[in-house]
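A.B. asks: Have a look; sequence and predicted model below, questions after that.
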Amino acid sequence: MASIRDLKKDINYVLGDIIEAVYIWELTNPDKESKEAEKIIDQAIDVFDDLIAKVNQKDVENRKQHLKNVNKELEDKGRELIDKINNLS
C-alpha cells in the first residue's frame, strides 16, 4: 500500500478528473440539459468528502486493510461516476 499522502492525492486527482470531464461535457453540449451533470458533480464531491474522512479515520482495527478498502472504494465509485458521464444524453 502506498502512503496515505499518495492515497489522498489519488482521491483528489481521480475525482477532480471526473468533475473536469463533466465540465467538458457541458461545454461540448450547451444545448442539452445539465441537471444530470450537476448531480454527477455533487456525487463526486460527496464521494471525495466521504473517502477523505475514511482515510483520516484513526479508530480502525486494521489500518492497512482499511486503507486498501478505501482505495478499492475509490476505484468502484470512480467507475460508477464515469459510467454516469458516459450515459449523459
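C.D. replies: Done, it's in.

A.B. asks: Count the residues that sit near residue 44.
C.D. replies: Residue 44: 23 surrounding residues under other C-beta atoms under 10 Å. (Each C-beta comes from the backbone N, C-alpha and C, glycine too.)

A.B. asks: what helices or strands is the strand or helix carrying it leaning on?
C.D. replies: Under the criterion of DSSP states H and E, residue 44 resides in helix 35-56. In this structure, helix 35-56 makes packing contacts with helix 4-28, helix 63-86, judged by 3 or more C-beta pairs under 8 Å, 6 or more residues apart in numbering; DSSP states H and E.

A.B. asks: Run through who's touching the longest one.
C.D. replies: Outside helix 4-28, the residues that touch it by C-beta atoms under 8 Å, 6 or more residues apart in numbering are 1-2, 34, 37, 40-41, 44-45, 47-48, 51-52, 55, 67, 70-71, 74, 78, 81-82, 85, 88.
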